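Colleague: one predicted model, sequence on top.
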Amino acid sequence: MLEARALKKSFGSVRAVDGVSLAVEPGRILGLLGPNGAGKTTTVSMLSGLVRPDAGQVLVGGRPLEGDADPGKGKLGLVPQDLALYDDLSALDNLRFFGSLQGMGARSLERAMGEALAVAGLSDRGKDKVKTYSGGMKRRLNLAAGLLHGPEVLLLDEPTAGVDPQSRNAIFEALESLRDRGKAILYTTHYMEEAERLCDHIVIVDHGKVVAQGGLAALRKLLPSGERMVVDLSLAPRPEWLSSLSTLPGIASAEASGTTITLGLEDLASGGASALSWLRAHGASVSNVASERPGLEEVFLTLTGRSLRDS
Ligand SMILES: Nc1ncnc2c1ncn2[C@@H]1O[C@H](COP(=O)(O)OP(=O)(O)OP(=O)(O)O)[C@@H](O)[C@H]1O
Ligand SMILES: [Mg+2]
């Protein structure tokens, strides 16, 4: 539905986007994940036709997007990172203004305004001025403004920045229902837990480049050990146990902290079983066993050597 092919954009000597390719499909949410300055907003700006790429192509429905008047742009809805709302206008007047900019006729606009407010969970606050809204409500109204003209593709740039958990859930539910109605969604975030919960496919960018992409399961496989097992013992393990455990089949690593051993497993079933029978044979008393799955934060750390949040 919307495709980026080898997009590049520099600002002076800064290579903001350096060869990003991705495809957003109907009924799917693609997560564009990366730390501050990774090039997410610049990518979204090129995808929505606001910024002209130095190189590469944007295709909407298989056709290259060309110039400001390209009809392909009407299929796209942008929810920008910086709130684009008028504080002194009511929510409805804001939507009326943005809808008329899109060239919507009065009747279809009035209907679309009601629907967009409902999706954003703001139906009962439509007449209130935006300056009386909370940060989370403004984010939701920003989303409603992007939905108004019924775009097939939604580009959302950090739509949950600074919102409370309740508004965040409301935004997630709105997006899930839009996805279920067949919209193609690109969701930009630097919160890996959001990408984990919401996205079918995740593109991880850093310094303008795609460092990895795929579904969550595929990305987890990039880690040296995909699963972890945490074993609590009643007594601290002997130091030499760790090197013995780490040579067992299916086990990639073993570390201890107090009475807890954390094992990196190549395979949960065989590695877990061999670790537990080894421990039993060596007289260890196991009080608890839990398995842990690494998240995107660890994928990012492994690929870049840096943390997503602190970089
Ligand atoms: N208009 C501009 N002029 C100059 N440099 C820019 C401009 N826009 C972006 N940059 C630079 O390009 C790089 C990528 O910025 P971009 O805003 O795309 O990152 P981002 O991933 O959206 O970051 P954030 O998570 O902070 O929103 C940064 O180094 C930024 O300083
Ligand atoms: Mg940004």
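Modeller: All right, it came through fine. Residues are numbered from 1 along each chain as shown. Ligands and ions are numbered 1, 2, ... in the order given.
Colleague: run through the stretch 201-311 of the chain and note the low-pLDDT ranges.
Modeller: 224-225, 308-311 (pLDDT under 70).
Colleague: can you tell me the distance between the two ends of stretch 114-134?
Modeller: Start-to-end span of stretch 114-134 (C-alpha to C-alpha, to the nearest Å) is 20 Å.
Colleague: what are the buried residues along it?
Modeller: In terms of neighbour count (16 or more other C-beta atoms under 10 Å), stretch 114-134 has its buried residues at A116, L117, V119, A120, G121, L122, R125, G126, V130, Y133. The C-beta positions use only the backbone N, C-alpha and C, and glycine is treated the same way.
Colleague: hang on, the second one in a strand?
Modeller: When you say that, I think you mean L117. No - assessed by DSSP: H, G, I helix; E, B strand; the rest coil, L117 does not belong to a strand; its assignment is helix.
Colleague: residues of the stretch 101-250 of the chain that sit close to ligand 1?
Modeller: For the stretch 101-250 of the chain, the residues found near ligand 1 under the criterion C-beta under 6 Å from any ligand atom are H190.
Colleague: can you give me the helices for the stretch 101-250 of the chain?
Modeller: Taking DSSP state H, counting those that start in this stretch, the helices of the stretch 101-250 of the chain run over residues 106-119, 135-147, 165-180, 192-198, 216-220, 239-246.
Colleague: any idea which of these is most buried?
Modeller: Comparing the helices of the stretch 101-250 of the chain by mean neighbour count (mean count of other C-beta atoms under 10 Å), helix 135-147 ranks first with a mean of 23.
Colleague: can you list the buried residues of stretch 114-134 in a markdown table and add pLDDT and distance to ligand 2?
Modeller: Listed next are the buried residues of stretch 114-134 as a markdown table, based on pLDDT from 0 to 100; distance: C-beta to the ion, whole Å:
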| residue | pLDDT | distance to ligand 2 |
| --- | --- | --- |
| A116 | 92 | 23 |
| L117 | 93 | 26 |
| V119 | 87 | 23 |
| A120 | 88 | 21 |
| G121 | 88 | 25 |
| L122 | 92 | 24 |
| R125 | 94 | 27 |
| G126 | 94 | 29 |
| V130 | 96 | 22 |
| Y133 | 94 | 22 |
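Colleague: what about M1, neighbour count?
Modeller: By the criterion of other C-beta atoms under 10 Å, M1 has 21 neighbours.
Colleague: so who does it touch?
Modeller: The neighbourhood of M1, defined by C-beta atoms under 8 Å, 6 or more residues apart in numbering, consists of A23, V24, E25, P26, V60, G61, K75, E152, V153, A184.
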